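**Q** need a structure here:
(chains A and B)
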Amino acid sequence: MAAAAWDKPPINDEPFVKLTDPGEKVNILMVDDQPAKLMSYEVILGDLGENLIKATSANEALEHLLKKDIAIVLTDVSMPDIDGFDLAEMIRQHPRFQKTAIIFISGVHLTDIDRVKGYRQGAVDYITVPVVPELLRAKVSIFAELHRKRRQLEVLNRCLEERVAERTTELRERADLLELASEAIIVIDLQGGIRFWNSGAEELYGWGREEVAGKNIQQLLCTRAVSNVDWKAELVAHGKWEGNLVHCTRDGREVIVASRQALAIGNNGTPDTILEINRDITSHLKTEEALRKAERLAAMGRVAGIIAHEINNPLEAIINAFYLLRDHPSLDLEAREYAQLGEQELLRVAHIVRQTLGFYRESQQAIEVSVTEILDNVLELQSRYLQRNRIAVQRLYDSEVMAIGFPVELKQVFLNLIANAVQAMPDGGRLRLRVQPGSNPRSGIRGVFISISDTGSGIQPEHAKRLFEPFFSTKANKGTGLGLWISKGIIQKHEGTIDFRTVRTSRGCATCFRVFLPEHISVNGIRVSDAANGTNEMNGDQLG
Amino acid sequence: METSLAEAKRTILCVDDEATPMLLRRFVLEKSGFCVLTAASGQEALQILDRQPVDLVLTDLLMPGLSGTELAREVKRRRPHLPVVLLSGVNEIPEDATAADLFLSKVEGPEAMCRKLSEMLHGPRNNTAA
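**A** Next comes the predicted model:
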């Protein structure tokens, strides 16, 4: 076959027909041991405008066949050495020449048996001498045309096959990409029936693709818009839409997704599918919210610090004035009592200022803090809830234990733990706080253990592993899911540990969170090296 | 709550740039049996320290000129064993407050203040092991 005709076809969308030239000449091989006959055929066929190749023997003919793409072999039947039938048989044995047209020219009369033999060898036609020039021309011309058409078809086929292969590769790559995406990629029909559901969607929503095929996406995911927007109307009006949606996952969680949707035009020219890509931004939004909250708290803290300072300065002077007044010798009893009442109320103001405004400010350095004082302080803040939930508080303080740390942060930890315990006992119960010195069993470091136990609902084993993860909450929409995560961070900053366990008995359930704070931490505190002084201070009452 | 000290009166040097609060604080301390010297600035306090015997320095934290923490450092440099107590309206202990021996909130009330100062003056004597 002519190599030129098989040049790699272009991959563009040009019509295939152009790939071969319809006017391209085909090769016609004429075989006869008599050169005169060959010349006469040449004259007869010259008008066809095809390439005429002459061979005076079967061997020569075969040589031409191997070198060129021959459309038609016109051969004499009776030749010395290899005759026409043998040549035809040899030609047919070669796979390349299965389709080559072979026309026999026979000078002697051929019987029907001869003809059948010829056809069996692969002949397509016979011509008997004397040769009628018009007949020969007409026959050869038809076979030449046939060959040209077949060659074009082969080119088209080859070209199509290549294009199919390319498209298949392309589609496979796209399908792989769809599976690679972490986004949920979904195709639905206009009624909402799910047609495609990638592995990103499986992971985000929890349903496998077999489970969702054909189901209605809005019923499945309980879709609703975050803001009051009719996204379906917008999608129809503009052909595309993007915004945030709330979806419900298989395990009942609500996720917020950034969704991009587009109408796709079908074969009939009208939209018939919706393409949808959803990215889970739930934790991203939560992080942003937490950061905003933290920033707000920090700003509030700065303002609170300034206000506390401005209030405290004159407050001290007034408290001192009332203190001096309340047993001033010049006042009668009634006046002294008024002064005493005034002093009491002012001390209450000072206390409130310290409890509320002072809460936000934190020292940059660890100082010596009284663990029991912090616990009592937190209990006081929670006293209303404790009372309302009918929770009995049991304090088992081994001694007045001091620890080195950041009081506000430690207060935050115990506030979290105590608030969690209170919330676990909506129908009342017992809250037990135990403080005792001891050594960490693993490291042997000395310090203090603080245990907070409740008789509440307990921690489910499946939640235990995730309890200290950020945004993990068992309190549905009530908690931020950050409390224990922050607490763990604070305890780690103090070089301590925090763990918990739930014990279930026939009488109920008890959960205990245990915090260990080491005696010394590597942060230099104002009085870390002077711990004995602090103890004196605490026991000062006994000295006087 | 009047002083239970039988021995000689202890002298507290009270430092504050605000006159009225310092005056009232002085009365409270005197009522508790302390002898009180006052200074309106850190500089003045240092001058008094050079001239007169003092048992404890009670200084406000935020003052123009020398701040309470700077004064504490300067006092310790001159008299390492002289107790210095910082008194402040802020709830935050400043980072550089390491020179002071104790940090007191202004609004703990007069009785708590006098008790803690008294402990500061007498405590170490009963606990030399420290």
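
**Q** what does the average pLDDT come to for stretch B:72-84?
**A** For stretch B:72-84, mean pLDDT rounds to 93.

**Q** go on, stretch A:82-93?
**A** What stretch A:82-93 shows for mean pLDDT is 85.

**Q** compute the number of surrounding residues for residue 112.
**A** Just going to use chain A. The tally of other residues near residue A:112 (other Cβ atoms under 10 Å in any protein chain shown) stands at 7. Glycine gets a C-beta too; all of them are placed from N, C-alpha and C.

**Q** hm, I was asking about chain B
**A** 13.

**Q** quick one: it is in a strand?
**A** No: going by DSSP: H, G, I helix; E, B strand; the rest coil, the assignment for residue B:112 is helix, not a strand.

**Q** just the pLDDT for it.
**A** On the pLDDT scale, residue B:112 is placed at 87.

**Q** do you know how far it is from residue B:25?
**A** In this view, residue B:112 and residue B:25 are 13 Å apart by Cβ to Cβ, to the nearest Å.

**Q** residues of the lowest-mean-pLDDT helix or strand in chain B that come out buried?
**A** Scoring the helices and strands of chain B by mean pLDDT, DSSP states H and E places helix B:110-126 at the bottom, with a mean of 79. Buried residues in helix B:110-126, counted by 16 or more other Cβ atoms under 10 Å in any protein chain shown: B:110, B:113-124.

**Q** kindly report the same for stretch B:66-81.
**A** Neighbour-count burial for stretch B:66-81, counted by 16+ other Cβ under 10 Å, picks out B:66-69, B:71-76.

**Q** which pair in these spans the largest distance?
**A** B:67 and B:76 (14.3 Å; Cβ to Cβ).

**Q** tell me the span between the first and last residue of stretch B:28-44.
**A** 22 Å (Cα to Cα, to the nearest Å).

**Q** how far does it sit from its chain's centre?
**A** Offset of stretch B:28-44 from its chain centre (Cα atoms, centre = their mean, to the nearest Å): 8 Å.

**Q** what does stretch B:54-73 give?
**A** Worked out by Cα atoms, centre = their mean, stretch B:54-73 lies 8 Å from the chain centre.

**Q** check contacts around residue A:101.
**A** Listed by Cβ atoms under 8 Å, 6 or more residues apart in numbering or on different chains, the contact set of residue A:101 reads A:71-73, A:124-125, A:143, A:146-147.

**Q** what comes up buried for the helix or strand containing residue A:430?
**A** Using DSSP states H and E, residue A:430 maps to strand A:429-439. By 16+ other Cβ under 10 Å, the buried positions in strand A:429-439 come out as A:429, A:431-435.

**Q** remind me which residues of chain A are low pLDDT?
**A** Counting by pLDDT under 70, chain A contains low-confidence residues at A:1-23, A:109, A:121-123, A:297, A:355-365, A:470-471, A:475-482, A:521-544.

**Q** and the one residue sitting closest to the centre of it, helix, strand or coil?
**A** Nearest to the mean C-alpha position of chain A, by Cα atoms, centre = their mean, lies residue A:182 at 1.6 Å. What three-state DSSP gives for residue A:182 is coil.

**Q** from chain B, how far off is it?
**A** 45 Å (Cβ to the nearest Cβ, to the nearest Å).

**Q** next one: residue A:496
**A** To chain B, residue A:496 is 21 Å away according to Cβ to the nearest Cβ.

**Q** that residue: what's it in contact with?
**A** Applying Cβ under 8 Å, 6+ apart, the residues near residue A:496 are A:447, A:515-518.

**Q** and the buried residues of stretch B:66-81, which is closest to residue B:52?
**A** Nearest to residue B:52 out of those is residue B:75 (Cβ to Cβ; 13.5 Å).

**Q** residue A:463: neighbouring residues, count only.
**A** Residue A:463 is flanked by 13 other residues according to other Cβ under 10 Å.

**Q** sec struct for it, please.
**A** Using three-state DSSP, the structure places residue A:463 in helix.

**Q** assign residue B:54 to helix, strand or coil.
**A** Applying three-state DSSP: residue B:54 is coil.

**Q** helix, strand, or coil at the closest residue to it other than its chain neighbours?
**A** Nearest residue to residue B:54, sequence neighbours excluded (Cβ to Cβ, 6 or more residues apart in numbering or on different chains): residue B:13, at 4.5 Å. For residue B:13, the assignment made with three-state DSSP gives strand.

**Q** from memory residue B:32 sits against residue B:114, does it?
**A** Yes: shown here, residue B:32 and residue B:114 form a contact pair, counting by Cβ atoms under 8 Å, at 4.1 Å.

**Q** any weak-confidence spans in chain B?
**A** Flagging of chain B using pLDDT under 70 yields the residue ranges B:1-7, B:91-96, B:123-130.

**Q** which parts of it are helices?
**A** B:19-31, B:42-51, B:68-78, B:110-126 (DSSP state H).

**Q** want to throw these into a markdown table with distance to residue A:505?
**A** Shown next, in a markdown table, are these (distance: least, Cβ to Cβ, whole Å):
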| stretch | distance to residue A:505 |
| --- | --- |
| helix B:19-31 | 57 |
| helix B:42-51 | 64 |
| helix B:68-78 | 55 |
| helix B:110-126 | 46 |
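
**Q** save those as a markdown table, and put in distance to chain A too.
**A** Below are those laid out as a markdown table (distance: least, Cβ to the nearest Cβ, whole Å):
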| stretch | distance to chain A |
| --- | --- |
| helix B:19-31 | 4 |
| helix B:42-51 | 18 |
| helix B:68-78 | 11 |
| helix B:110-126 | 4 |
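
**Q** number of residues surrounding residue B:35?
**A** 14.

**Q** can you give me every residue that contacts it?
**A** Residue B:35 neighbours (Cβ under 8 Å, 6+ apart): B:9-12.

**Q** would you mind writing the ChimeraX command to select the buried ones in these?
**A** Command for ChimeraX that selects the buried part of these, burial taken from 16+ other Cβ under 10 Å:
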select /B:10,12
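
**Q** how about CSV for the contacts of residue B:35, with distance to chain A added?
**A** Listed next are the contacts of residue B:35 as CSV, based on distance: Cβ to the nearest Cβ, whole Å:
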residue, distance to chain A
B:9, 16
B:10, 14
B:11, 19
B:12, 14
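
**Q** ok, the contacts of residue B:35 vs residue A:353, which is closest?
**A** residue B:12 (25.5 Å).

**Q** where exactly do the helices run in the stretch 51-200 of chain A?
**A** Assigned helices in the stretch 51-200 of chain A, in chain order: A:58-67, A:84-93, A:112-121, A:133-180, A:199-205 (criterion: DSSP state H, counting those that start in this stretch).

**Q** export the ones you listed to JSON lines and tack on distance to chain B?
**A** Listed next are the helices of the stretch 51-200 of chain A as JSON lines, based on distance: least, Cβ to the nearest Cβ, whole Å:
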{"stretch": "helix A:58-67", "distance to chain B": "97"}
{"stretch": "helix A:84-93", "distance to chain B": "100"}
{"stretch": "helix A:112-121", "distance to chain B": "108"}
{"stretch": "helix A:133-180", "distance to chain B": "51"}
{"stretch": "helix A:199-205", "distance to chain B": "45"}
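
**Q** no more questions from me, cheers.
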